[in-house]
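Enquirer: All I have is the shape, not the residue letters:
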């Protein structure tokens, strides 16, 4: 028997499918698509692997192909297109006032409210307002779900989630985390790009084993349609974590929004205010926006920015995919110019 077959006999079927269905077995060990999975298996399945291999095997990470949505022959959908130091999210969510930088204690319950947005998708929201801390948790949920086909129950401990968020492990934080999970599950989005329409939650359902404090979360497979509406973007998680202090909520929201653009044009203060879910564009609000852009410049996300009387123009570093998009866009425009000149 091969080590994989021996391991399959040692584990129950759900555990083997969850943690080893995407693994690559070799003579010397086993590799996984993410560092998180490799670390988890090393922590919880080392003894079983030793029995299966007959020695202590190497546990490593293999390089995954970059693809926004992967479908196999069984039409299984898996979102697995970002690196370990990035987080992925649908542009349609980041280009709307879905996760505004709300002041503490200022959440409202919205009913069938059309959110301000930039782009092709419209979002109508019902539920308790999300904010940037909810986006932090949501990005980590997607990251935990990354190695598995959508619809597969994804398990993680509350402690692992809090650690991923850079937080402690106190009882108050566990209560806070559960309140975020309930809020993400309760909020209903009705999203359309005039071609497809998705209505449901960011989280389909979840279970908390209170004795072990383990969450099992399921994301609706129809959620993948969001990644086809307005494309998707990667967020540099280290940059996002570096945004702290005054105006950090606005800075995080802008960081997420600008991450969906290869080369942002000048944005008026009014447009930025709408995206951020801010109620006014007074002098103080403009000052907070400018301060937030300074933070983005300081962490290296922006090369520079220019605050003008009518808005803010930014120059940001582009990802490889964004550079390719800009080149393709220029090539297509050049073809049209040449064709027009020839006629």
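Expert: Noted; the coordinates are in hand. Values in this document were obtained by computation on a predicted structure and should not be read as measured data.

Enquirer: Tell me where the stretch 51-200 of the chain has helices.
Expert: Using DSSP state H, counting those that start in this stretch, the helices of the stretch 51-200 of the chain run over residues 91-94, 132-145, 158-164, 171-186.

Enquirer: Not counting its neighbours along the chain, what's nearest residue 114?
Expert: Excluding its sequence neighbours, the residue lying closest to residue 114 (CB to CB, 6 or more residues apart in numbering) is residue 124, at 5.2 Å. (Glycine included, C-beta is placed from N, CA and C.)

Enquirer: who does the residue lying closest to residue 265 once chain neighbours are set aside bridge with?
Expert: Spatially, and ignoring its direct neighbours in sequence, residue 265 is nearest to residue 313 (7.5 Å; CB to CB, 6+ apart). With DSSP bridges as the criterion, residue 313 is bridged to residue 306.

Enquirer: wait, isn't residue 313 in contact with residue 268?
Expert: No: at 10.5 Å, residue 313 does not count as touching residue 268 under the criterion of CB atoms under 8 Å.

Enquirer: Common neighbours of those two, please.
Expert: Applying CB atoms under 8 Å, 6 or more residues apart in numbering, one finds that no residue jointly contacts residue 313 and residue 268.

Enquirer: Give the residue spans of the chain that score low on pLDDT.
Expert: Within the chain, the stretches with pLDDT under 70 are 64-80, 224-230, 318-343.

Enquirer: domain parsing for it?
Expert: Under the assignment automatic domain parsing, the domains of the chain span 3-61, 86-237, 242-343.

Enquirer: Quick check: which of those domains is buried the most?
Expert: Here the criterion is mean neighbour count by mean count of other CB atoms under 10 Å, and of these the winner is domain 86-237, at a mean of 18.

Enquirer: Straight-line length of that domain, end to end?
Expert: 5 Å (CA to CA, to the nearest Å).

Enquirer: All further residue positions should be reported with the first residue as 46.
Expert: Got it, the first residue is 46 from now on, which makes the last one we talked about domain 131-282.

Enquirer: starting at the chain centroid, how far to that domain?
Expert: 8 Å (CA atoms, centre = their mean, to the nearest Å).

Enquirer: ok, back up a step: state the distance from the residue nearest to residue 159 to residue 157.
Expert: Distance of residue 169 to residue 157, computed by CB to CB, to the nearest Å: 6 Å.

Enquirer: Ok, residue 293 next?
Expert: Counting by CB to CB, the separation of residue 293 from residue 157 is 31 Å.

Enquirer: One more: residue 222?
Expert: Look at residue 222 and residue 157: by CB to CB, they are 28 Å apart.

Enquirer: How about the contacts made by the residue nearest to residue 85 when sequence neighbours are not counted?
Expert: Computed as CB to CB, 6+ apart, the closest residue to residue 85 that is not its neighbour in sequence is residue 64, at 7.0 Å. Residues in contact with residue 64, defined by CB under 8 Å, 6+ apart, are 82, 85-86, 90.

Enquirer: next one: residue 359
Expert: Counting by CB under 8 Å, 6+ apart, residue 359 touches 303, 309, 338, 341, 347, 349-351.

Enquirer: Could you dump these into CSV with distance to residue 205 and secondary structure added?
Expert: Formatted as CSV, these follow (distance: CB to CB, whole Å; DSSP: H, G, I helix; E, B strand; the rest coil):
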residue, distance to residue 205, secondary structure
303, 29, helix
309, 35, coil
338, 33, helix
341, 29, helix
347, 32, strand
349, 38, strand
350, 36, strand
351, 42, strand
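
Enquirer: elements contacting the host helix or strand of residue 253?
Expert: Using DSSP states H and E, residue 253 sits in strand 250-254. Counting contacts by 3 or more CB pairs under 8 Å, 6 or more residues apart in numbering; DSSP states H and E, strand 250-254 packs against helix 216-231, strand 259-263.

Enquirer: Let's have the ones you listed in CSV, adding distance to residue 189.
Expert: Formatted as CSV, these follow (distance: least, CB to CB, whole Å):
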stretch, distance to residue 189
helix 216-231, 12
strand 259-263, 8
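
Enquirer: And the ones you listed: which comes nearest residue 317?
Expert: helix 216-231 (25.0 Å; CB to CB).

Enquirer: Show me what the closest one is packed up against.
Expert: Under the contact criterion of 3+ CB pairs under 8 Å, 6+ apart, helix 216-231 touches strand 167-173, helix 177-190, helix 203-209, strand 250-254.

Enquirer: Would you mind pulling the contact partners of the last one?
Expert: This means strand 250-254. 203, 223, 226, 230, 259-263.

Enquirer: I am finished for the moment; much appreciated.
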